[in-house]
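[1] no letters, just coordinates:
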């Protein structure tokens, strides 16, 4: 375990170098394929299920989702 931490510290590149991206923004339409809803509420002024708060960003490499964004969702 210590060796794996040392190798991560010594790696010369950032995660972005390998294509790792974060995603998830407040206001995004809720998509169950890339979002995990942890909280649910009702709100006025929105058209459909909408991410109103990002509790943890999601991670992907290219089109592959490594972890869905964990979000709070509101519906009309």
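    Arrived safely. Here the structure is a predicted model, which is why all the values come from computation and not from measurement.
[2] which residues touch stretch 49-61?
    For stretch 49-61, contacts defined as C-beta atoms under 8 Å, 6 or more residues apart in numbering pick out 18-30, 34-35, 38-39, 41, 43, 65-75. Heads up, the C-betas are built off the backbone N, CA and C, glycines and all.
[3] which of the residues you listed count as buried?
    Buried members of those, scored by 16 or more other C-beta atoms under 10 Å, are 23-24, 28, 30, 34-35, 68-74.
[4] show me the contacts of stretch 49-61 that map onto strands.
    Of the contacts of stretch 49-61, the ones assigned to strands by DSSP state E are 20-23, 35, 38-39, 41, 65-67, 69-75.
[5] make CSV out of the buried ones among the contacts of stretch 49-61 and add distance to residue 53.
    Compiled in CSV, these are given as follows (distance: C-beta to C-beta, whole Å):
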residue, distance to residue 53
23, 15
24, 10
28, 11
30, 12
34, 16
35, 11
68, 15
69, 11
70, 10
71, 7
72, 4
73, 9
74, 9
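[6] nice, that's everything, thank you.
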